[in-house]
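A.B. asks: from the sequence below, what's the structure:
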Amino acid sequence: MMKASDILRSFIKQAEGYSACAYKDSAGILTIGYGHTKGVVRGMTITHNMAERFLDQDLLASERYVTTLNVCKTQGQFDALVDFCYNLGTGNLNRSTLLRMIRHGSTEAAIRNEFSKWVHAGGWILPGLVKRRQWEADRFFSNS
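C.D. replies: Residues are numbered from 1 along each chain as shown. Next up is the predicted model:
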């Protein structure tokens, strides 16, 4: 099974930022560490080491799911889809036109366009999500 690269881990840490205290993200979901949401309660605090463990756990779930899709030929494709799942959930990828286009070998332009549609949270287009989807599309079509 492929694993998330150090490039992806670094990107997630930069994109999510680190928070030792629980907060509501842009979609109103309680979040802690590097974007961890499972079991987070108001007032919760964690150490940096716990944030790293949560990141490992959350990445593993996304890695396992993306592996089952059997669509990744490169590390870049794998990283892009793992990040998409990490950020948006496996269900969203599973139901997406993006995944259908990847499976059908659509053009680079069409696939990039599908990545770019996933930029809304709380009814707004968020600049951070625009950058994240751009990074995923670039990583998906990188040579590594």
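A.B. asks: looking at the protein, which helix or strand is least sure?
C.D. replies: Counting by mean pLDDT, DSSP states H and E, the chain has its least confident helix or strand at strand 120-121, which shows a mean of 91.
A.B. asks: quick one: contacts of stretch 22-30?
C.D. replies: The contact list for stretch 22-30, computed with Cβ atoms under 8 Å, 6 or more residues apart in numbering, reads 31-32, 35, 37, 40-45, 121-122, 124, 126, 128. Using the backbone N, CA and C atoms, a C-beta is placed for each residue, glycine as well.
A.B. asks: most neighbours, which of those residues?
C.D. replies: Counting neighbours by other Cβ atoms under 10 Å, Ile32 leads these with 23 neighbours.
A.B. asks: now the longest helix along the chain: mean pLDDT?
C.D. replies: Using DSSP state H, we find that the single longest helix of the chain is helix 48-69. Across helix 48-69, the average pLDDT comes to 98.
A.B. asks: please apply the same query to stretch 83-95.
C.D. replies: Per-residue pLDDT over stretch 83-95 has a mean of 97.
A.B. asks: for the chain, what's the longest strand?
C.D. replies: Counting by DSSP state E, the longest strand found in the chain is strand 19-24.
A.B. asks: what about it, distance to the chain center?
C.D. replies: Strand 19-24 sits 18 Å away from the centroid of its parent chain (Cα atoms, centre = their mean, to the nearest Å).
A.B. asks: nearest spatial neighbour of the residue of the chain positioned farthest from its centre, chain-adjacent residues omitted?
C.D. replies: The outermost residue of the chain relative to its centre, with distances by Cα atoms, centre = their mean, is Gly43 at 25.0 Å. Leaving aside its sequence neighbours, Gly43 sits nearest to Ala22 (Cβ to Cβ, 6 or more residues apart in numbering; 6.5 Å).
A.B. asks: send the alpha carbons of stretch 63-77 over as PDB?
C.D. replies: Provided in PDB are the C-alpha atoms of stretch 63-77 (Å, rounded to 0.1, in the frame of the first residue of the first chain):
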ATOM      1  CA  GLU A  63      -4.700   6.100   2.600                       C
ATOM      2  CA  ARG A  64      -6.600   2.900   3.000                       C
ATOM      3  CA  TYR A  65      -9.600   4.300   1.200                       C
ATOM      4  CA  VAL A  66      -7.700   5.700  -1.700                       C
ATOM      5  CA  THR A  67      -5.800   2.400  -2.100                       C
ATOM      6  CA  THR A  68      -9.100   0.600  -2.500                       C
ATOM      7  CA  LEU A  69     -10.000   2.900  -5.500                       C
ATOM      8  CA  ASN A  70      -7.100   1.400  -7.500                       C
ATOM      9  CA  VAL A  71      -6.800   4.600  -9.600                       C
ATOM     10  CA  CYS A  72      -3.400   6.000  -8.600                       C
ATOM     11  CA  LYS A  73      -0.400   5.300 -10.800                       C
ATOM     12  CA  THR A  74       1.900   7.900  -9.100                       C
ATOM     13  CA  GLN A  75       2.800   9.200  -5.700                       C
ATOM     14  CA  GLY A  76       1.400  12.500  -6.800                       C
ATOM     15  CA  GLN A  77      -2.000  11.100  -7.700                       C
END
